[in-house]
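Peer 1: just a sequence and a predicted model for now, questions to come.
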Amino acid sequence: MSDKAGTLDYVNDDVTSSRQTQATQAALDAANGSISNPISRDILPGIDLDDFEDTEWDGETDIFLQTPSAAVDAGDTVQVYEIDSDTGKQDDRVLAIYGFEAVAGGEYIDLILFRGSDGQIFERAQVQGLDESGDVQVDRQSILRSPVKFDPQDNGEIEFLYGEGYDPEEDGPVQIKLLGVTVEKRGRRIGNRN
């Protein structure tokens, strides 16, 4: 969970770098004592996240694709990712998300919701207005005030709330990149480069 809720009103390279460093340190701290010899890397959806079958993403491909598999109305939520430490991919990993970047279809998403294993929302990220064609970073990215973290044995969900109706047949793909890090045991996916 994060200690400061919401997103920042501004984005630049220094802010993004600072939040990435903060997310990495928070994830490494959370891994301390439960993951031996930890190493951090970027989030890889096909390795770190489980799918709900509510989207066109197959759960295996390393691409952030959240296009709904059916039309949605304004105000509807779509479960896009599951964090499952019991039977899924999150076992013995820490996931820390510090922001979002619109790749395609960002204009359809108003909120990104994070739910714990109890089903309660513990963080909401206002991303309304993200535009992948924007000229400046603040148009394309939204950065959290502090990282949203899922510890090694945590379970949860990530949902997108649509601000307007969406039809996958007419409106094209929805792709929002999760800016964040995964911490896992060194050698599980990444080893030494020496």
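Peer 2: Yep, it's here. Numbering: from 1, shown residues only.
Peer 1: after the helix or strand of the chain with the lowest mean pLDDT comes which helix or strand?
Peer 2: The weakest-scoring helix or strand in the chain, judged by mean pLDDT, DSSP states H and E, is helix 137-140 (a mean of 79). The helix or strand immediately downstream of helix 137-140 is strand 141-150, counting by DSSP states H and E.
Peer 1: C-terminal to that following strand, what's the next element?
Peer 2: Sequence order places strand 156-162 as the next helix or strand after strand 141-150, per DSSP H and E.
Peer 1: helices of the protein, start to end?
Peer 2: With DSSP state H, the ranges of helices along the chain come out as 13-31, 45-48, 137-140, 168-171.
Peer 1: buried set for the second one?
Peer 2: Just to be clear, that refers to helix 45-48. Judged by neighbour count (16 or more other CB atoms under 10 Å), helix 45-48 contains these buried residues: 45, 48. From N, CA and C alone the C-beta is placed, and that goes for glycine too.
Peer 1: can you put the helices of the chain in TSV and add distance to residue 182?
Peer 2: Formatted as TSV, those follow (distance: least, CB to CB, whole Å):
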stretch	distance to residue 182
helix 13-31	7
helix 45-48	5
helix 137-140	22
helix 168-171	28
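Peer 1: got a list of what the closest residue to residue 138 other than its chain neighbours touches?
Peer 2: Distances taken as CB to CB, 6 or more residues apart in numbering place residue 11 nearest to residue 138, at 4.4 Å, with adjacent residues excluded. Residue 11 sits next to 99, 137, 138, 141, 142, 143 when contact means CB atoms under 8 Å, 6 or more residues apart in numbering.
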